[in-house]
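Novice: This is the structure alone, sequence omitted:
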């Protein structure tokens, strides 16, 4: 026989400690923190109060989150700026924070990464017709979030 689980209630101090460690573990967005706090059964006013405290104590900083997120997705997953921007928008990050995050990606590294992705895809592509080959490579790279003008410029210079 399964009894329904009772929701555990926390004191304000316990919630603040739990959510502070949640934010300390890794960078979070306000959206993530709000969802977590509402999961504790808190009302809107209490949630907003806690968010203000977290921002004041620098546990929560969306610009810092955006910069770390953008840098990680670029360096590790090799995402382009457009894909990073879209992902940050889906996380309800402000346009200002998104612009700041994108500025953090060095243009030289961006071009080097783009060229490396094109070369790697060129080696994998089986298409013999050069026009179709370039088109397929471009579609793949643009799908990773790189700007089409930049992709075509590099493709036309190199491949």
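Specialist: That came in fine, so what should we check first? The structure displayed is predicted, hence computed values, not measured ones.
Novice: Isn't residue 24 up against residue 58?
Specialist: No. Using C-beta atoms under 8 Å as the test, residue 24 is too far from residue 58 to be in contact (10.5 Å). Any C-beta I mention is one placed from the backbone N, CA and C, and that applies to glycine too.
Novice: who's in contact with residue 136?
Specialist: With contacts defined as C-beta atoms under 8 Å, 6 or more residues apart in numbering, residue 136 is in contact with 125, 127.
Novice: ugh, typo on my part, it should be residue 100
Specialist: Taking C-beta under 8 Å, 6+ apart as the definition of contact, the neighbours of residue 100 are 63, 66, 67.
Novice: helix or strand for the first one, which one?
Specialist: Taking DSSP states H and E as the criterion, residue 63 maps to helix 62-75.
Novice: So what's the gap between that helix and the chain middle?
Specialist: On the basis of C-alpha atoms, centre = their mean, to the nearest Å, helix 62-75 sits 6 Å off its chain's mean C-alpha point.
Novice: Name the residues of the helix or strand that it is followed by that are buried.
Specialist: Once helix 62-75 ends, the next helix or strand along the chain (criterion: DSSP H and E) is helix 81-90. Of the residues in helix 81-90, 81, 83, 84, 85, 87, 88 count as buried by neighbour count, 16 or more other C-beta atoms under 10 Å.
Novice: Past helix 81-90, which element shows up next along the chain?
Specialist: The element immediately downstream of helix 81-90 (helix or strand, assigned by DSSP H and E) is helix 95-103.
Novice: Hmm, residue 59 is touching residue 21, no?
Specialist: No. No contact is recorded between residue 59 and residue 21 when judged using C-beta under 8 Å, the distance being 9.2 Å.
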